[in-house]
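A.B. asks: pasted the sequence and its predicted model underneath.
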Amino acid sequence: MPAQIYLVGGAVRDQLLSLPIKDRDWVVVGAQPSDLIEQGYQQVGKDFPVFLHPDTKEEYALARKERKSGQGYTGFSCDFGPDVSLEQDLIRRDLTINAIAQDAQGNLHDPYGGINDLQQRILRHVSPAFIEDPLRVLRAARFAARFNYLGFRVAEETLALMQQISNSHELQSLSPERIWLETEKAFNEPQPEIYFQILHQVGALAILFPELNALSGIPNPQEHHPEIDSFVHTMMVLQQASKLVQGTSFNQSAVGFAAICHDLGKALSPQHLLPHHYGHEKKGLSPIKQLCRRLKPPVAVQELAEICCEFHTHIHRAFELRPKTILELFNHLDIWRKPQRFESFLLVCEADSRGRLGFEQRAYPQKEYIMQCYHAALSIDVQHVIADGFTQKAIREELNKRRLGALTEFIQTYRST
């Protein structure tokens, strides 16, 4: 019998949801590696045979079975013989909505009820083997973040399995790279806050993001934070940041990570001072460093998180700041060489202001004001300073002096109008 080729996974799912199809993955039943190599396919898989189509470069994987043989998401042995059936291949997948196949004639093969779950808007595990791969806790939470806006929810029995994985020691076997990769993808989903809320619900947040989990139950002053709880506030900030970054060129995962880190210092506030959080900005730098040592995000992502944590309240109080303080802030943030990072920082500050119950639509004039201050200071050209005969250290001193003058003039004019 000749090999059968099926379109599988996300392409079939998104087609049934009338969503744009990004990538097409294929599974080949009844073939051996040599069959595809002879047809010009290029093998790229190490653990099991995955091939690139000679023309489209789309991925074609031989149907395979998996058996748990060790700990973690890598602890599997694979069988990819030509006798492995489509049903055996599909049962190893994570969610039923990702376990639907389509043959060359357009017929759908749905042995595990994925189409019904699509219609019912349910994210459900395919089989009890779901618990064998701890990465699926993150993947299920990420799909919830992707499809929540369409009304999808995680099935209760799937949440129970995710809780079971969290209660075992399997999550600790996940590599930092895999945790960051799933989290980075989650930041780019339509509602990234859902990812963290579900991880919190099933006990995974306490294991993978203990610094963030520590905010749960930490109160804020009710007059400034009607939502009170610091974790709830952080999720609202992430939601607002995700909305503000849409359609921009900013790094969405960097902005999202800064949003979840901006108030980590509040978990370190002394119990007897709650709900007040004096000095939480600088206190938050230590848990950010701890989190980044484990997750190993890109350096630029960590740097944005740290400046948002330490200086977000400066922007909230922008109208109170003296010109000298604003210039010192600008220099510290190196906005002259990193203007986009500065704008990302301001976006997170705006998200922080809006990420409060009843403040979601509130204007944030501090952002526009600080940008005007930036442009006033930026109007001073270093080449003019050099042309006026200043050299070496004197260039920096004169540049700061002239920028301070420009800032002072702008602020005086602004306040007098």
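C.D. replies: Received, thanks. Residues are numbered from 1 along each chain as shown.
A.B. asks: pLDDT weak spots in the stretch 101-250 of the chain?
C.D. replies: Along the stretch 101-250 of the chain, no part satisfies pLDDT under 70.
A.B. asks: hey, where'd the helices end up in it?
C.D. replies: Assigned by DSSP state H, counting those that start in this stretch, the stretch 101-250 of the chain shows helices spanning 114-120, 135-147, 156-167, 176-187, 192-201, 205-208, 210-213, 230-245.
A.B. asks: quick one: which of the ones you listed is nearest Q39?
C.D. replies: helix 114-120 (29.6 Å; CB to CB). All C-beta atoms are positioned from the backbone trio N, CA, C, and that covers glycine.
A.B. asks: E343 contacts F250, doesn't it?
C.D. replies: Yes: with contact defined as CB atoms under 8 Å, E343 reaches F250; the gap is 7.2 Å.
A.B. asks: quick one: which of these two has more around it?
C.D. replies: It is F250, of E343 and F250, that has more neighbours when counted by other CB atoms under 10 Å, with 19 against 16.
A.B. asks: which SSE is the nearest residue to that one once chain neighbours are set aside in?
C.D. replies: Ranked by CB to CB, 6 or more residues apart in numbering and with sequence neighbours excluded, the top spatial neighbour of F250 is S344, at 5.1 Å. Secondary structure from DSSP states H and E places S344 in helix 339-354.
A.B. asks: buried sites along the very next helix or strand once past that helix?
C.D. replies: Per DSSP H and E, the first helix or strand lying C-terminal to helix 339-354 is helix 365-378. Buried residues in helix 365-378, counted by 16 or more other CB atoms under 10 Å: 366-367, 369-370, 373-374, 376-377.
A.B. asks: need the single longest helix in the chain, by residues.
C.D. replies: helix 393-416 (DSSP state H).
A.B. asks: next, the angle helix 365-378 makes with that one.
C.D. replies: 140 degrees (axes from the mean of the first three to the mean of the last three CA atoms, to 10 degrees).
A.B. asks: could you check the angle the helix holding S344 makes with helix 365-378?
C.D. replies: Using the same axes, to 10 degrees: helix 339-354 against helix 365-378 is 160 degrees.
A.B. asks: CA atoms of helix 339-354 as CSV?
C.D. replies: This file holds the C-alpha atoms of helix 339-354, laid out as CSV (Å, rounded to 0.1, in the frame of the first residue of the first chain):
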residue,chain,number,x,y,z
PRO,A,339,15.3,55.7,21.8
GLN,A,340,13.1,52.7,21.1
ARG,A,341,13.9,51.2,24.4
PHE,A,342,12.8,54.5,26.0
GLU,A,343,9.5,54.4,24.1
SER,A,344,9.0,50.8,25.2
PHE,A,345,9.6,51.9,28.8
LEU,A,346,7.0,54.7,28.5
LEU,A,347,4.5,52.2,27.0
VAL,A,348,4.9,50.0,30.1
CYS,A,349,4.4,53.0,32.3
GLU,A,350,1.2,53.8,30.6
ALA,A,351,0.1,50.2,30.9
ASP,A,352,0.9,50.3,34.6
SER,A,353,-1.3,53.4,35.0
ARG,A,354,-4.2,51.9,33.0
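A.B. asks: quick one: contacts of the longest helix of the chain?
C.D. replies: 323-324, 326-327, 330-331, 369, 372-373, 376-377, 379-380, 382, 385-386, 388, 390 (CB atoms under 8 Å, 6 or more residues apart in numbering).
A.B. asks: hmm, try it at 10 Å
C.D. replies: By CB atoms under 10 Å, 6 or more residues apart in numbering, the surrounding residues in contact with helix 393-416 are 319, 321-328, 330-331, 336, 369, 372-382, 384-386, 388-390.
A.B. asks: could you do stretch 104-120 as well?
C.D. replies: 4-8, 12-13, 15-17, 85-88, 90-91, 93, 95-103, 122-127, 147, 150-153, 155.
A.B. asks: write the ChimeraX selection for whichever of those are buried.
C.D. replies: ChimeraX command restricting those to the buried ones, with burial defined by 16+ other CB under 10 Å:
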select :4,5,6,7,8,12,13,15,16,86,88,90,91,93,95,96,97,98,99,100,101,102,122,123,124,125,126,147,152,153,155
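A.B. asks: just the ones of the contacts of stretch 104-120 in strands?
C.D. replies: 4-8, 101-102, 122-123, 153 (DSSP state E).
A.B. asks: which among these gets closest to I315?
C.D. replies: Checking the ones in strands among the contacts of stretch 104-120 one by one against I315 (CB to CB), the nearest turns out to be R153, at 36.6 Å.
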